[in-house]
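> Here's my sequence, what's the structure:
(chains A and B)
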Number of protein chains: 2
Amino acid sequence: MATATAPKIVFYTNHGCPYAHRADITLRELDLPYEEVLIDLDSPRPQWYLDINPRGLVPAMKFTLPGSVDQEQIITESGVVAEFLCDAFPSHLLPATTSPADALTRARIAFFHQTWTDKVSPAQMAILRAATEEERDAKSKETVQILKKEIEPLLSDAAPFFGGSAELTFAEVMCAPFVMRLLAMAEDGELVPQALKTEMEKLPNVGRWTKAILGHEKATRVFEKEKFNEAVKSKLDKIRGVKM
Amino acid sequence: MATATAPKIVFYTNHGCPYAHRADITLRELDLPYEEVLIDLDSPRPQWYLDINPRGLVPAMKFTLPGSVDQEQIITESGVVAEFLCDAFPSHLLPATTSPADALTRARIAFFHQTWTDKVSPAQMAILRAATEEERDAKSKETVQILKKEIEPLLSDAAPFFGGSAELTFAEVMCAPFVMRLLAMAEDGELVPQALKTEMEKLPNVGRWTKAILGHEKATRVFEKEKFNEAVKSKLDKIRGVKM
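Presented below is the predicted three-dimensional model:
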């Protein structure tokens, strides 16, 4: 972004949060300048932050276009923030809506990340909620089956990213933060069976795709896996109470 | 749409399904020609339909651009189908991604329908799942509070539709099918307390907005409220088993 036309962006985030991570990847991929404000998610949110995002969640973004200082906009919810940035600054991440073919590419990407959210994420939560090791193993196997049935076919032309792209797309923006966390937990082995990682790597398309994500500097930049695993372990009772 | 440039659309739907209803409204608003195929959701799906949509759900769409008969595309999932149509055929429903201001309008609409889905829909399901009349009344009051807190402020400039629009927008495409069904159940009174309808009408913005939706011929076209209420009553045991 040339400085003269750059928007003013204040990005409220937390490096442990997968949702905020979606917006982090987008900002880095688009090479947009921004001011980062870290929000502590372990203490009650201060009033100044609730004034920005009444839900108290991250990410949130203050966005001002040059020449419209009086028109500061607040945008919240990770998918909304990330898609807004992709739409406002067209790039390799997501095509603009300029033709039915581009609309179709957008639809394929939307179907993909919705499938991850609707099918894979609940399966992953079921592993963490398992009360016994036996149940944990069963839920882990179910997750691999879901990845095989729902995700593997959608990555048949990944090269290495979604839809034949050599660069990250909005599909990875939405899913990569969750891919990284699932694999980190499986690597640790205490939260998710290590077999899940081995089995994921055996799925040809999913395996190649996850490897490409883990090797992408901008996608992985803020993620610290040991810290994440420790945080999940200390919150496990809370997670086990979550209905999906 | 001029016939010469019209795409070939086969629309697989069921008039009782709120999700399919989203695509129905979009097709009608865009005035696109299409062939409608009704799918019976009360019997096991035939193999020919599972070949089109392996999930067996509606809506699904076969879409072919003129001059590309060999490139028949299948699109599924209601939000994806509806947004694809809006993007492929730009209209009053959703602005194209032509500027940051248009991207912002899209973000505002996305935040709105996501809020309905994440906040209002689970509250509505909680009313239907209530085991006693007392619990049903309590959950109904909670739903009104959620509408007041989450939806009412987002409709402050509705005129009568989202964001000051005189015509339907993608916000109504996504939410109107659920608005209609919630009000129909409250009108009947057996499934949802009638007080919910009265209280919704008292919220100035929500009340005006829902009235505009109910008065819109294309939005309401396929919805038969008595039939819907009877169908929900006969499926109530199943609904009560659904976790949200």
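> residues from chain A in reach of chain B?
When proximity is defined as Cβ under 8 Å from any Cβ of the partner chain, chain A approaches chain B at A:7, A:63, A:65, A:73, A:75-77, A:79-81, A:83-84, A:87-90, A:96-104, A:106-107, A:110-111, A:114, A:243-244. Every residue, glycine included, has its C-beta placed from N, CA and C.
> Where does the record place the domain boundaries for chain A?
Per the record, chain A has its domains at A:8-88, A:100-242, by the TED database.
> and those as CSV, adding mean pLDDT and mean neighbour count?
Putting these into CSV (pLDDT from 0 to 100; neighbours: other Cβ atoms under 10 Å in any protein chain shown) gives the following:
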stretch, mean pLDDT, mean neighbour count
domain A:8-88, 94, 18
domain A:100-242, 96, 18
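> looking at these, which is closest to B:Ala123?
domain A:8-88 (15.6 Å; Cβ to Cβ).
> Tell me if A:Val232 really is in a helix.
Yes: applying DSSP: H, G, I helix; E, B strand; the rest coil, one finds A:Val232 inside a helix.
> what's near enough to touch A:His113?
A:Gly79, A:Phe170, A:Ala171, A:Met174, A:Cys175 (Cβ atoms under 8 Å, 6 or more residues apart in numbering or on different chains).
> Relative to A:Pro33, how far out is the nearest residue to A:Ala101 once chain neighbours are set aside?
Once flanking residues are discounted, A:Ala101 sits nearest to B:Leu65: 7.9 Å by Cβ to Cβ, 6 or more residues apart in numbering or on different chains. Using Cβ to Cβ, to the nearest Å, B:Leu65 is found at 40 Å from A:Pro33.
> ditto for A:Ala184
30 Å.
> Please verify my assumption that A:His92 contacts A:Leu168.
Yes: with contact defined as Cβ atoms under 8 Å, A:His92 reaches A:Leu168; the gap is 7.5 Å.
> Quick check: neighbours shared by those two?
With Cβ under 8 Å, 6+ apart as the test, A:His92 and A:Leu168 both reach A:Glu29.
> Check the secondary structure at A:Phe223 for me.
Under the three-state scheme (three-state DSSP), A:Phe223 adopts coil.
> which residues does it contact?
A:His15, A:His21, A:Pro177, A:Met180, A:Arg181, A:Ala184.
> biggest separation within those, which pair?
A:His15 and A:Ala184 (13.5 Å).
> could I have the lengthiest helix in chain A exported to PDB, CA atoms only?
Criterion DSSP state H: the longest helix present in chain A is helix A:170-188. Taking Å, rounded to 0.1, in the frame of the first residue of the first chain, the C-alpha atoms of helix A:170-188 are listed here in PDB:
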ATOM      1  CA  PHE A 170      -9.500 -16.400   1.700                       C
ATOM      2  CA  ALA A 171     -10.100 -20.100   2.300                       C
ATOM      3  CA  GLU A 172      -6.800 -20.300   4.200                       C
ATOM      4  CA  VAL A 173      -7.400 -17.000   5.900                       C
ATOM      5  CA  MET A 174     -10.600 -18.500   7.400                       C
ATOM      6  CA  CYS A 175      -9.300 -22.100   8.200                       C
ATOM      7  CA  ALA A 176      -5.500 -21.900   8.700                       C
ATOM      8  CA  PRO A 177      -5.700 -20.700  12.300                       C
ATOM      9  CA  PHE A 178      -7.700 -23.700  13.200                       C
ATOM     10  CA  VAL A 179      -5.600 -26.100  11.200                       C
ATOM     11  CA  MET A 180      -2.500 -24.900  13.100                       C
ATOM     12  CA  ARG A 181      -4.100 -25.300  16.400                       C
ATOM     13  CA  LEU A 182      -5.500 -28.800  15.700                       C
ATOM     14  CA  LEU A 183      -2.100 -30.000  14.600                       C
ATOM     15  CA  ALA A 184      -0.300 -28.400  17.500                       C
ATOM     16  CA  MET A 185      -2.600 -30.200  20.000                       C
ATOM     17  CA  ALA A 186      -2.000 -33.500  18.200                       C
ATOM     18  CA  GLU A 187       1.700 -32.900  18.200                       C
ATOM     19  CA  ASP A 188       1.600 -32.400  22.000                       C
END
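> That one packs against which elements?
helix A:18-29, helix A:78-88, helix A:100-115, helix A:121-129, helix A:194-202, helix A:204-214, helix A:217-220, helix A:225-234 (3 or more Cβ pairs under 8 Å, 6 or more residues apart in numbering or on different chains; DSSP states H and E).
> rerun at 7 Å
helix A:18-29, helix A:78-88, helix A:100-115, helix A:194-202, helix A:204-214, helix A:217-220, helix A:225-234 (3 or more Cβ pairs under 7 Å, 6 or more residues apart in numbering or on different chains; DSSP states H and E).
> mind checking how far the helix or strand that comes right after the last one is from the chain centre?
Next along the chain after helix A:225-234, taking DSSP states H and E as the criterion, comes helix A:236-240. Put simply, helix A:236-240 sits 21 Å off its chain's centre (Cα atoms, centre = their mean, to the nearest Å).
> how near is the spatially closest residue to A:Ala231 that is not a sequence neighbour to chain B?
Excluding the flanking residues, the one nearest A:Ala231 by Cβ to Cβ, 6+ apart is A:Gly16, at 5.8 Å. For A:Gly16, the distance to chain B (Cβ to the nearest Cβ, to the nearest Å) stands at 22 Å.
> quick one: contacts for A:Gly16?
A:Lys227, A:Phe228, A:Ala231 (Cβ atoms under 7 Å, 6 or more residues apart in numbering or on different chains).
> Kindly report the same for A:Thr13.
By Cβ under 7 Å, 6+ apart, A:Thr13 lies in contact with A:Ala20, A:Ala23, A:Asp24, A:Glu36, A:Leu38, A:Ile39, A:Val58, A:Pro59.
> make it 10 Å
A:19-21, A:23-24, A:27, A:34, A:36-39, A:58-61, A:78, A:222 (Cβ atoms under 10 Å, 6 or more residues apart in numbering or on different chains).
> Who does it form a beta bridge with?
Beta-bridge pairing of A:Thr13 under DSSP bridges involves A:Leu38.
> hang on, the earlier thing: now, which of the contacts of A:His113 sits nearest A:Pro54?
Nearest to A:Pro54 among these, with distances taken as Cβ to Cβ, is A:Gly79, at 18.1 Å.
> hang on, the earlier thing: nearest to B:Pro54 among the domains of chain A would be which one?
Closest among the domains of chain A, using Cβ to Cβ: domain A:100-242, at 8.8 Å.
> A:Glu201 and A:Leu147 touch, don't they?
No: counting by Cβ atoms under 10 Å, A:Glu201 stays clear of A:Leu147, with 11.0 Å between them.
> any residues in contact with both of the two?
A:Gly207, A:Thr210.
> residue contacts, the most centrally placed residue in chain A?
With distances taken as Cα atoms, centre = their mean, A:Pro177 lies nearest the centre of chain A, 3.6 Å away. Residues near A:Pro177 by Cβ under 10 Å, 6+ apart: A:17-25, A:78, A:213, A:219-220, A:222-223.
> cool, and A:Asp40?
Counting by Cβ under 10 Å, 6+ apart, A:Asp40 has contacts A:Asn14, A:Pro46, A:Tyr49.
> and of those residues, the nearest to A:Glu133?
A:Asn14 (31.1 Å).
> which residues sit in contact with that closest one?
A:20-21, A:24, A:37-42, A:57-59, A:222.
> Look up how far chain B lies from it.
A:Asn14 is 20 Å from chain B, by Cβ to the nearest Cβ.
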